[in-house]
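>>> just the structure for this:
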Amino acid sequence: MKPRVALLDANVLYSAPLRDILVQLSYAGLYQARWSAEINNEWKRNLLAARPELAERLARTQATMLRAVPDALVTGYEHLIPKLLLPDSGDRHVLAAAVTTSAEAIVTFNLRDFPSAALEPYGMVAQHPDDFLQSLIAIMPLEVLSGVRECVGRLTQPALSVTDYLAILNRLGLTKTASFLAANLASWQP
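The predicted structure follows:
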């Protein structure tokens, strides 16, 4: 069975811990992550506005993301943008990329910007990242635990305690995912 395709909105790529989990789980084959150059540039531009000292690191991060998920970059969607209707016209490029790649879901924190009526004709839904991760946990809990273990294992400068990592996930609004991880602590600690 081919893993589901999910288009990742810029706002879920902005935070390093969430970006790392989403890319890791795609790299592991749990789903197929997709994004466009425009989405990639948007999260990077927003992050650099807040943290300009990260410029060099973010260039490496984006290269690493594409090495991990080489088929992630969606192209050829621009012609669809003017034909799409969304509450915020600035989000039409996201839907256009999702349609072009036949995504089943747009993973975003901005659910109101992607109403069901606009997505249903394309057979897709908008999902909060916590709900998206829960959909993966429901069918592949051990694989998700393994992926999170990989992510936490990479955190060496500085290393984070399990408690601190779970607190970060909770602050990001990933409360159900953090609860699942806390309940399975012995299984996922590096």
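>>> give me the number of residues near the residue lying closest to residue 9 once chain neighbours are set aside?
In this structure, residue 9 finds its nearest non-sequential neighbour in residue 108, 3.7 Å apart by Cβ to Cβ, 6 or more residues apart in numbering. The way it works is simple: take the backbone N, C-alpha and C, and place the C-beta from them, glycine included. Other residues within reach of residue 108, judged by other Cβ atoms under 10 Å, total 22.
>>> do the one 5 residues further on as well
Counted by other Cβ under 10 Å, the residues lying close to residue 113 total 19.
>>> do the same with the one 10 residues further on
A count of neighbours around residue 123, defined by other Cβ under 10 Å, yields 10.
>>> residues in contact with the closest residue to it other than its chain neighbours?
Nearest in space to residue 123, with sequence neighbours left out and distances taken as Cβ to Cβ, 6+ apart, is residue 104 at 7.0 Å. By Cβ atoms under 8 Å, 6 or more residues apart in numbering, residue 104 lies in contact with 4, 5, 6, 123, 124, 125.
>>> could you rerun that using 10 Å?
The neighbours of residue 104, taking Cβ atoms under 10 Å, 6 or more residues apart in numbering as the test, are 3-7, 31-32, 98, 122-125, 127, 135.
>>> again with residue 121
Contacts of residue 121 by Cβ under 10 Å, 6+ apart are residue 99.
>>> for it, helix, strand, or coil?
Per DSSP: H, G, I helix; E, B strand; the rest coil, the secondary structure class of residue 121 is helix.
>>> can you show me the strands along the protein?
All strands of the chain, identified by DSSP state E, fall at 5-8, 32-36, 73-74, 105-107, 125-127.
>>> a markdown table please, covering the contacts of residue 104 and showing pLDDT.
Formatted as a markdown table, the contacts of residue 104 follow (pLDDT from 0 to 100):
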| residue | pLDDT |
| --- | --- |
| 3 | 77 |
| 4 | 92 |
| 5 | 97 |
| 6 | 98 |
| 7 | 98 |
| 31 | 96 |
| 32 | 97 |
| 98 | 98 |
| 122 | 95 |
| 123 | 95 |
| 124 | 96 |
| 125 | 97 |
| 127 | 97 |
| 135 | 96 |
